[in-house]
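Asker: Have a look; sequence and predicted model below, questions after that.
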Amino acid sequence: MSPGTPSTFVEAVLAAAVPLVMEVKRRSADGTDLMGGRSATDLVRAYEEAGAPCVSVVSGRWFGGDASLVQEVVRSTERPVLQKDFFTRRDQLLAARAAGVSAVLLTAQLLDRGTLAVLVAHALDLGLTPFVEVVSEAEAAAVPCPELCVVAVNNKDIRDQERGAAGVARSERMIGHVLGTGTPLPMSASGIESRDSAAGLLALGYRGLLVGTALLTAGSLDPVEVASWASAT
Ligand SMILES: O=P(O)(O)OC[C@@H](O)[C@@H](O)c1c[nH]c2ccccc12
């Protein structure tokens with residue numbers, strides 16, 4: 001990817017009528033099953049039918065993920081795939097690229113500044129889009145090369161393994177700071193539980209949302225119903 005060229009992941013979300021990155025996650029951090037007997041392939045198909053521009057897959061062990069889940073998701077779709085895991089080393093990014101993913105999660109809260117900068121540079125070097133999650137204004141301001149990264153506010157707290165209360169107040173509070181980074185794709189991730197909060201975040205200025213649990217536990221992934229998440233009521 002040459003500097004300044006938007007990545008396929010970023011372009012896909014920006015161009016989507018329903019800019020929801022829909023997530024495949026086997027279970028929640030408390031162990032609750034989220035697949036309900038469906039295969040990852042079934043889910044990806046339903047997500048595509050519902051208009052997902054990109055798919056996220058959680059490979060982290062806390063959430064029941066592993067490399068085989070990533071492979072299944074990548075095999076099931078032509079859309080760009082985001083891998084969510086706790087990446088801390090270049091060899092893990094190399095494995096992600098070898099698996100065929102397009103974007104990788106880098107969690108600012110878990111990495112010191114120097115390491116985050118090195119991992120962002122490695123990801124870009126490998127043609128992977130850094131999906132940098134932040135939880136504070138200081139973290140947003142410190143994202144390296146923000147114009148080449150997705151900057152996503154995580155509404156949950158990864159330090160308590162996401163068991164804390166959800167809600168999108170953090171994203172509401174931080175929109176100005178996220179836009180101020182200059183990222184082409186300001187996103188809000190995690191804990192988005194209803195179409196009203198989704199539509200509200202998009203109206204505020206977020207250009208993409210990452211939704212896992214709410215879609216995984218929705219009774220149906222009816223495309224019209226899912227599309228309504230992107231339009232204010
Ligand atoms: O299911 P939710 O509340 O929509 O959240 C999804 C996603 O953001 C979450 O799975 C996640 C956030 N950070 C992570 C780090 C590793 C693995 C997974 C994650």
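Answerer: In hand now; what should we look at? Numbering: from 1, shown residues only.
Asker: my read is Tyr47 is in a helix, agree?
Answerer: Yes. Judged by DSSP: H, G, I helix; E, B strand; the rest coil, Tyr47 forms part of a helix.
Asker: List the contacts of the closest residue to it other than its chain neighbours.
Answerer: Nearest non-adjacent residue to Tyr47, counting by CB to CB, 6 or more residues apart in numbering: Met22, 4.1 Å away. Quick note: C-beta positions are derived from backbone N, CA and C, even for glycine. By CB atoms under 8 Å, 6 or more residues apart in numbering, the contact set of Met22 is 47, 50, 52, 55-56, 211-212, 215.
Asker: Which members of those are positioned in helices?
Answerer: 47, 215 (DSSP state H).
Asker: And the residue of the chain that's closest to the ligand?
Answerer: Gly212 (2.8 Å; CB to the nearest ligand atom).
Asker: Around the ligand, pick out the residues from this protein.
Answerer: 23, 25, 58, 60, 63, 84-85, 105, 154, 158, 189-192, 210-214 (CB under 6 Å from any ligand atom).
Asker: now the helices for this structure?
Answerer: According to DSSP H, the helices that the chain contains are 8-15, 40-49, 67-76, 90-99, 113-125, 137-141, 169-180, 195-204, 213-216, 223-227.
Asker: How far off centre is the second one?
Answerer: In other words, helix 40-49. 17 Å (CA atoms, centre = their mean, to the nearest Å).
Asker: Packing partners of that helix?
Answerer: On a contact count with 3 or more CB pairs under 8 Å, 6 or more residues apart in numbering; DSSP states H and E, helix 40-49 meets strand 20-24, strand 55-58, helix 67-76.
Asker: residues touching the residue positioned nearest the centre of the chain, list them.
Answerer: For the chain, the residue sitting closest to the mean C-alpha position, by CA atoms, centre = their mean, is Leu210 at 4.8 Å. Leu210 makes contact with 20-21, 23, 56, 82, 152, 187-190, 192 under the criterion CB under 8 Å, 6+ apart.
Asker: Poorly predicted segments of the protein, please.
Answerer: 1-6, 158-166, 232-233 (pLDDT under 70).
Asker: still on that earlier bit, okay if I get the helices of the chain as a markdown table plus mean neighbour count?
Answerer: Shown next, in a markdown table, are the helices of the chain (neighbours: other CB atoms under 10 Å):
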| stretch | mean neighbour count |
| --- | --- |
| helix 8-15 | 20 |
| helix 40-49 | 19 |
| helix 67-76 | 18 |
| helix 90-99 | 16 |
| helix 113-125 | 17 |
| helix 137-141 | 16 |
| helix 169-180 | 18 |
| helix 195-204 | 18 |
| helix 213-216 | 20 |
| helix 223-227 | 15 |
